[in-house]
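A.B. asks: build me a model from this:
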Amino acid sequence: MADTKGYTVLIVEDEVPLLETYAEILTGQSYTVLKADNGYKGLELLEQNKDQVAVMILDLMMPGMDGLEVLRKIKADAAKYGNPPVVVLTNMTSERVIKEAFMIGANSYLIKSELEAEDLLREVKKFENGTGGAATGNPGTDAPSAPTTDTPATDNPASDAPAAE
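C.D. replies: Below is the predicted model:
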């Protein structure tokens, strides 16, 4: 296993049990973890730690400020927030939402209901040495990671509801 000491991951997730689970997975691998339970706190932590955050894990469905709005703010003001790679972690499988997240600037998109600890670690490791690029983990490839889902994504707005968020 590569040495992960010194890599800081910011997790923005409103469901505290999930936030704690993700943090435990990452701290168990020696990552430094910053935790925010809403978008506003996530932006505040990112602004305060923009030079340390190596990757951000971002939920989409949160009260107050959703993850897409957080992503828009980060990408619109790199001077304020830095430009960390953003891994979206959600249960939203709508093709429209997935495309929007990538168009705004997400580097990767994972589906919570199908996530294993190894998947989260693999995705975060892609960005450790700055070579994650568009989150493919494959050098020389510019395409972003496809969502990890067997659920067909559709443009049907009714499919925007989370499976078990």
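
A.B. asks: show me what contacts D14?
C.D. replies: Under the criterion of Cβ atoms under 8 Å, 6 or more residues apart in numbering, the neighbours of D14 are 37-38, 59, 61-63. Every residue, glycine included, has its C-beta placed from N, CA and C.

A.B. asks: name the helix or strand for it, please.
C.D. replies: Using DSSP states H and E, D14 falls within no helix or strand.

A.B. asks: and the pLDDT for it?
C.D. replies: Listed pLDDT for D14 reads 97.

A.B. asks: now D14: how far from I104?
C.D. replies: Distance, D14 to I104, by Cβ to Cβ, to the nearest Å: 19 Å.

A.B. asks: one more: V33?
C.D. replies: Counting by Cβ to Cβ - V33 and I104 are separated by 24 Å.

A.B. asks: now swap in L45 and tell me
C.D. replies: 20 Å.

A.B. asks: can you show me the strands along the chain?
C.D. replies: 8-12, 32-36, 53-58, 86-90, 108-111 (DSSP state E).

A.B. asks: quick one: closest of those strands to A23.
C.D. replies: Across the strands of the chain, A23 has its closest neighbour in strand 32-36 (4.5 Å, Cβ to Cβ).

A.B. asks: for the protein, which helix is longest?
C.D. replies: For the chain, the longest helix by residue count, based on DSSP state H, is helix 16-27.

A.B. asks: got the CA positions of that one in PDB?
C.D. replies: Only the C-alpha atoms of helix 16-27 are listed here, as PDB (Å, rounded to 0.1, in the frame of the first residue of the first chain):
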ATOM      1  CA  VAL A  16     -23.700  11.700   9.700                       C
ATOM      2  CA  PRO A  17     -23.500   7.900   9.900                       C
ATOM      3  CA  LEU A  18     -22.300   7.800   6.300                       C
ATOM      4  CA  LEU A  19     -19.900  10.700   6.900                       C
ATOM      5  CA  GLU A  20     -18.400   8.800   9.800                       C
ATOM      6  CA  THR A  21     -18.200   5.600   7.900                       C
ATOM      7  CA  TYR A  22     -16.300   7.200   5.000                       C
ATOM      8  CA  ALA A  23     -14.000   9.000   7.400                       C
ATOM      9  CA  GLU A  24     -13.300   5.800   9.200                       C
ATOM     10  CA  ILE A  25     -12.400   4.000   6.000                       C
ATOM     11  CA  LEU A  26     -10.000   6.800   5.000                       C
ATOM     12  CA  THR A  27      -8.400   7.400   8.400                       C
END
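
A.B. asks: nice, that's everything, thank you.
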